[in-house]
Structures are given as structure tokens and as C-alpha cells.
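Enquirer: What follows is a predicted structure for the sequence shown.
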There are 2 protein chains.
Amino acid sequence: MGVTRTITVDGRPAAGGRLPLLCAPLVGRTAEAVLAEAAAVAAKGPDLVEWRVDFFGPIDRTGEVIAVARQVKALVAPAPLLFTRRAAHEGGERIPLDESQVVALYQAVCAAACVDLVDYELSNPEEHRAAIREAAHGAGLGLVVSFHDFQGTPSFEELLDKLRSAERAGADVAKIAVMPQGLEDVLTLLSATLRARRELGIPVITMSMGAHGSLTRLFGWVFGSCVTFGVGQSASAPGQVPIEDLRAVNEILRRALGDEGGCDEPRPTEAIGK
Amino acid sequence: MGVTRTITVDGRPAAGGRLPLLCAPLVGRTAEAVLAEAAAVAAKGPDLVEWRVDFFGPIDRTGEVIAVARQVKALVAPAPLLFTRRAAHEGGERIPLDESQVVALYQAVCAAACVDLVDYELSNPEEHRAAIREAAHGAGLGLVVSFHDFQGTPSFEELLDKLRSAERAGADVAKIAVMPQGLEDVLTLLSATLRARRELGIPVITMSMGAHGSLTRLFGWVFGSCVTFGVGQSASAPGQVPIEDLRAVNEILRRALGDEGGCDEPRPTEAIGK
């Protein structure tokens, strides 16, 4: 029976194992903005907070990045903090660092243990991925290996291959975010998620983006995605839904699914129409 | 571009064309119970009400059926009233009428024009279907032709074939309700719905039943199902969700989908990550 795996931090399932984890992104450009955002977002009780450091102006000042990360981590605790420099070629902001400097930044952040997880793209060169994997695991942090396509949705097999490749690359969590060109693509993403839940040994995070993709942000967890990114204060990608709306739909879904939430085989059904 | 078609009554789209239509079933066994249920359900403002007359004890007294239908119609107006004798072999209650008597009941109900639409199963003999089609259309009522499988979910092609067959059988609305044996079946039902929306010239109503199927009751309208059956006072099939919950999720979905609700091609997407 397929069961949705979730993220563990310090050996314990995040949010006590409750699914999905509601993740709020931070996209401030200054330390003040990021900290204000973190405080506002923390008040909404997210299960996970992602700092999109590619939005951060002083990303080239490692000491400042670490200092801000420490303060954000304290502000959002007990929610774990995910540290992400989204590469420009996967939809992130342009930054004044080359990839070796990015790796050095990740290494410093990991060594400082000022975050709980780090996200790095599958598309980066293996030597960089290896360096970041070692830095993360050496410091006891979780590694998310991610793939993004803002133009379209790869086929079912390609999506599954990205998730399998992330696992082979040493990820603790595999993530894909793709843009649907129609509702069929949304169904393809959900099918691949369902298959990955059965096949992979690590948790997966999947989503379709844009308006139609918001469907996967609302109910993708039933098919095996353990995290949904909501709007805490600002969106970091198209189609994100306010955390309050995600929570409202999740509660209704949990009631409707009963014992079957997070499992993909039905219980024996009862007599009908009585 | 595929657009979800909706039910029309007296030449006008039900609920002013708003999707999905929230349908509440009535399953009382006595006239008093049905009327009390109709009053309670009407207070929740459904867009459509279905009287499941196979639950009605005096179903063999045509005059009483018509009298109750008239009162129900008045109670639930402006919501249209759908009259359904669900056959036992498709999940309905056992009734003391043979199929010729059922046809005569439908003919009398249509002639009395005491309801707005009638539902009859595709699996019935063509001669009976033709008689009911003529009775409905002769009285200016809409005809729903339906297919149910409480054991499993037919393949994508078989599901599509049932919907096409309903259209060929003269239906104004084609309906399928099937039981998923896993989440893949839920995706298959949604895929078939999406295809039918593009191919068919009539509105479709589709759903997966049971706990997992509740997903389709919540989100199926985005894929092309124009009606979702909710619990007004009592459920008539497994997996039905309270009308209040359907309404809450619909509002969140409409906000998330924006202009794309009810269309299956995305608008050009905006620049990302800004």
C-alpha cells in the first residue's frame, strides 16, 4: 500500500507527521524585509518555511546571510527552515554569484547549521551537487534535490525519471514543479506523483504551477506530495494559494477522506444507498 | 477550447450558469419525510434537488408520487427538481414495481410536469428508454441518461463510451458514477471527463464514489462535470460531502483558478518569480 512519506528533521517527522506540510516562502530583498516577513509568516503557523535567498540583495555577503538565517530560524521555530538559492535557469532571480560561489555559500550555511534543509537543483553539475550533498549531510541537514520547468510539463516517464534521479543523487527529498499547458498536464503530474510514492524510498514534493496547477497545491498531498507551498505574505511562484485557504481545504479533505487520507488503496466499501 | 457545459431548464442555464451545480438528494421513505427533507435542504440553497423516488415507500401509488413531487418542486424552487428511480442493479433500492410499471410512472410524472428533469439508466432496454425519452421531451423536461458502477471503474475508453452512448441515446445530460479501487481510478475518471467535455455536445456529470472519490466531488467541475452531489440532509451514495464543504472549497477554487475556472486551456502565463 502506498503511503505518503514526509520530511524528517532531527530524525522526527515534521509537524508530527501531519500532511501536507504547509510551506511559506520568504522573498524579502533586505534583512529587514526578510525578518518582517518571517515574523508575519510565523504568526500563520506554517509547517515549513523556505527562504528564497536568491531574492536577497546581500546574497554575496556570507556573514550576513548566515546571521539572517539564524534569526529567521529562531523566528519561525518550531517550523523547520529550508534554504534555497533557486537558479535563474529554473525560475529564480539573477544573483551576483557564480556557481562556485553559490556552492561556497551553501557550504558555509551548512557548516553554521543555521537552517534545517537545503534545496539544490538536479540540473547543476554533479561536482557541485556532490559538494552540497556532503556539506548538508556532514552537518546533519536534509537535502532537497529539485527540478523546475516553467514552460511546460514533461511526460509521465520524464517526470518519474527526474524524481528517481533526485533519489539517486542522494536527496532526502525529491521535488518537481512544472507548468501545465492544460488540465491533462495536471493529471499527468498527479499520476507521476502517485507512482513515485510507490516506487521511491524518499518523500516527494510535486506541483503544477499557474492557475490550473493550483489544483495540485490543494489536493496533491492525497496523491503523495508531502509539501504544498502557500502564500504566507508573498508568493514565490505562480498559482500559490493563501495558507488560510490551503488549511481550510485540507480540513475538508481530511474529513472527506477519513482513514484513507495519505493511503492510496481504498478500505472495503460499505453497503450502498442505505 | 473546452468549456464545461451546464444544465438548462426552460432554455436557461441552471443557477445562472454558475458551476458546479450543487445537488442535494432526497431519500425519505414517506411523504412527510420527503417534504421535511425538501424544506431542510431548500434552506441550504442548492442549485438542483434530486428526488430518489426508489427510497419512497408508496412508489406504487402514482397519484401520491405526483402530489409529493409537486410539493417538493414548490419547496425547492427556484432549484430545478430531478426525478430519479435508481435501478437496484445500479445501486438503487428495491421497489415493488416491474420495469413496465416504472416506465408508466415516469410517463405519468412527465405528463404532470411536476418535475424539471428525469434520470433513467443507459442499461435499461431501448424500448423503455425510448418511451421515457419521448415522455420527457414531449413534456419539455430534460433527460439525464446515467451509468453507475459500484464495484469498480471501467477503463478510460469504456467511460468515454458510456458518455457517448448516453448522448446517442438522446440524453440532454450524460452521467456516470463509478467506484475507484485506488487513486489511479480517480485520475482515469477525471481524464475521461476532460475528454468528454471536448467531444460531447451535452453537459456531463461524472464522479468517483467512496472516500477517494470525494476528490472528484470537490474538484471534478474543473475537469468538466457540471453537477456535484452533496449531503443536504442525508447522503444517497458513498463519499458525498456536505453542501457547506462543497461551497467552501468551490469559493477557494474559483479564487485560485481566476478566469480559468471552467476552461481547460491556460491563459498565457506571466513572467515568473518576480
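Expert: Arrived safely, thanks for sending. It should be emphasised that the depicted structure is a prediction, and the values quoted were computed from it without experimental measurement.

Enquirer: can I assume A:M207 sits in a helix?
Expert: No - applying DSSP: H, G, I helix; E, B strand; the rest coil, one finds A:M207 to be strand, outside a helix.

Enquirer: partners of it in the sheet?
Expert: A:A177 (DSSP bridges).

Enquirer: ok, now how distant is A:S234 from A:D119?
Expert: Look at A:S234 and A:D119: by C-beta to C-beta, to the nearest Å, they are 18 Å apart. The way it works is simple: take the backbone N, C-alpha and C, and place the C-beta from them, glycine included.

Enquirer: which of the two has more neighbours?
Expert: More neighbours surround A:D119 than the other of A:S234 and A:D119, with 24 against 17 (other C-beta atoms under 10 Å in any protein chain shown).

Enquirer: Might you report the residue contacts of the more buried one?
Expert: A:50, A:82-84, A:86, A:143-146, A:175 (C-beta atoms under 8 Å, 6 or more residues apart in numbering or on different chains).

Enquirer: Ramachandran angles for it?
Expert: Backbone torsions of A:D119, given as degrees, to the nearest 10, read phi -120, psi 130.

Enquirer: For it, give its distance to A:A248.
Expert: Counting by C-beta to C-beta, the gap from A:D119 to A:A248 is 27 Å.

Enquirer: Same check on A:E157?
Expert: For A:E157 relative to A:A248 (C-beta to C-beta), the value is 35 Å.

Enquirer: who has more neighbours, those two?
Expert: The residue with more neighbours, out of A:E157 and A:A248, is A:A248; 18 against 10, by other C-beta under 10 Å.

Enquirer: does that one count as helix, strand or coil?
Expert: Per three-state DSSP, A:A248 ends up helix.

Enquirer: residue contacts, it?
Expert: B:248-249, B:252.

Enquirer: need the contact list for A:L163.
Expert: Going by C-beta under 8 Å, 6+ apart, A:L163 touches A:174, A:176, A:192, A:196, A:200, A:204, A:206.

Enquirer: did I read that right, the fourth one in a strand?
Expert: Which is A:A196. No - with three-state DSSP as the criterion, A:A196 is assigned helix and is not in a strand.

Enquirer: which residues does the residue of the stretch 101-250 of chain A found nearest chain B contact?
Expert: Proximity of the stretch 101-250 of chain A to chain B (C-beta to the nearest C-beta) peaks at A:S214, 3.7 Å away. A:S214 makes contact with A:239-241, B:253, B:256-257 under the criterion C-beta under 8 Å, 6+ apart.

Enquirer: Could you report the pLDDT at it?
Expert: pLDDT for A:S214: 96.

Enquirer: Mind telling me what element it is part of?
Expert: If you go by DSSP states H and E, A:S214 is part of helix A:210-223.

Enquirer: Contacts (any at all) between chain B and the helix or strand containing A:H148?
Expert: If you go by DSSP H and E, A:H148 is part of strand A:142-149. No - on the criterion C-beta under 8 Å from any C-beta of the partner chain, strand A:142-149 is out of touch with chain B, staying 9.2 Å away.

Enquirer: Next secondary structure element downstream of that strand?
Expert: As assigned by DSSP H and E, the chain's next helix or strand after strand A:142-149 is helix A:156-168.

Enquirer: which one of the contacts of A:S214 is nearest A:V68?
Expert: Within those, the smallest distance to A:V68 is 22.4 Å, found for A:Q240 (C-beta to C-beta).

Enquirer: What residues does that closest one make contact with?
Expert: Per C-beta under 8 Å, 6+ apart, neighbours of A:Q240: A:25, A:214, A:217, A:229-231.

Enquirer: For the nearest residue to it once chain neighbours are set aside, give the beta-bridge partners.
Expert: Distances taken as C-beta to C-beta, 6 or more residues apart in numbering or on different chains place A:V231 nearest to A:Q240, at 4.8 Å, with adjacent residues excluded. With DSSP bridges applied, the residues forming beta bridges to A:V231 are A:P242.

Enquirer: do the same with A:D149
Expert: Taking DSSP bridges as the rule, A:D149 bridges to A:V178.

Enquirer: Quick one: neighbours of it, just the number.
Expert: 17.

Enquirer: contacting residues around it?
Expert: A:177-179.

Enquirer: One more: A:R18?
Expert: A:D47.

Enquirer: roughly how far apart are the closest residue to A:E244 other than its chain neighbours and B:A139?
Expert: Distance criterion C-beta to C-beta, 6+ apart; nearest residue to A:E244, sequence neighbours excluded, is A:K44 at 7.4 Å. Relative to B:A139, A:K44 is positioned 55 Å away (C-beta to C-beta).

Enquirer: Likewise for A:K162?
Expert: Plainly put, A:K162 is 57 Å away from B:A139 if you go by C-beta to C-beta.

Enquirer: Looking at those two, which one has more neighbours?
Expert: Taking neighbours as other C-beta under 10 Å, A:K162 and B:A139 compare with A:K162 leading, 24 against 16.

Enquirer: how about the helices in the stretch 1-150 of chain A?
Expert: Using DSSP state H, counting those that start in this stretch, the helices found in the stretch 1-150 of chain A span residues A:31-42, A:62-76, A:99-112, A:126-138.

Enquirer: Now the last one: buried residues?
Expert: Using 16 or more other C-beta atoms under 10 Å in any protein chain shown as the test for burial, helix A:126-138 gives A:128-129, A:131-133, A:135-136.

Enquirer: My guess is A:D116 contacts A:L141. True?
Expert: Yes - if you go by C-beta atoms under 8 Å, A:D116 and A:L141 touch, sitting 6.3 Å apart.
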